[in-house]
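sharing a model prediction with you, sequence too.
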Amino acid sequence: MDEHRPKRGTVVCGIVSEIHDFGVFVRLKGDPADESGTGFIRIPELTWEHFDDAADVVHVGQQIAAELLDYDGSRGQASLSLKALQEDPLVQFADRIGAVFSGPVVKVAPFGVFVRVAPGVTGLLHQSVMTREPVLGEVVTVIIAEVDLTRRRVRLEPAPTA
């Protein structure tokens, strides 16, 4: 076994070298130009926040620190995560059942609407509990009804009107 092999959970540094629809390539520090120092961040590992384009999260030439998820020594490639170094925003909501929040509708689906109640936290307001369906972008006031950390879901209910 190679004792110099990077271990999962290690924080590595590098420079963003390419951004694609499927992920971000990082030139790892200590290996300036050769392929043996390449890291890759899959799109879901960039951030907890919703985004439309990876370039909204990082930019070419940016220096980053990321957590090592896996290392393929034969190819010299590392799977990385920026998100792993960020606090999971959903955890703080586990004890906020019953709390009232206002936020924009960020997605409309046949079964309800998704409302952003905080950065990185979106919950479902199911159609069965709505008196009317809000439109995309409309700010609604909701109650946190349930937080399922395992399935990463937040169930919302409409807040009572005054």
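Thanks, I have it.

gap between the spatially closest residue to Ala99 that is not a sequence neighbour and Arg132?
Distance criterion C-beta to C-beta, 6 or more residues apart in numbering; nearest residue to Ala99, sequence neighbours excluded, is Ile144 at 5.1 Å. Placement of C-beta: from N, CA and C, glycine included. Distance, Ile144 to Arg132, by C-beta to C-beta, to the nearest Å: 21 Å.

residue contacts, the residue nearest to Ala99?
93, 96-99, 101, 117, 123, 154, 156 (C-beta atoms under 8 Å, 6 or more residues apart in numbering).

next SSE downstream of the helix or strand it falls within?
Per DSSP states H and E, Ile144 falls inside strand 139-148. From strand 139-148 onward toward the C-terminus, using DSSP H and E, the following helix or strand is strand 153-158.

for that following strand, packing partners?
On a contact count with 3 or more C-beta pairs under 8 Å, 6 or more residues apart in numbering; DSSP states H and E, strand 153-158 meets strand 112-118, strand 121-126, strand 139-148.

could you dump those strands to JSON lines with mean pLDDT?
JSON lines is the format used below for those (pLDDT from 0 to 100):
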{"stretch": "strand 112-118", "mean pLDDT": "95"}
{"stretch": "strand 121-126", "mean pLDDT": "95"}
{"stretch": "strand 139-148", "mean pLDDT": "96"}
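
let me have the ones you listed in TSV, extended by distance to Leu80.
Listed next are the helices and strands packed on strand 153-158 as TSV, based on distance: least, C-beta to C-beta, whole Å:
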stretch	distance to Leu80
strand 112-118	26
strand 121-126	24
strand 139-148	27
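
gap between Pro119 and Gln86?
11 Å.

and Val108, by the same measure?
Remark: distance between Val108 and Gln86 (C-beta to C-beta) = 28 Å.

ditto for Pro160
From Pro160 to Gln86 the distance is 34 Å (C-beta to C-beta).
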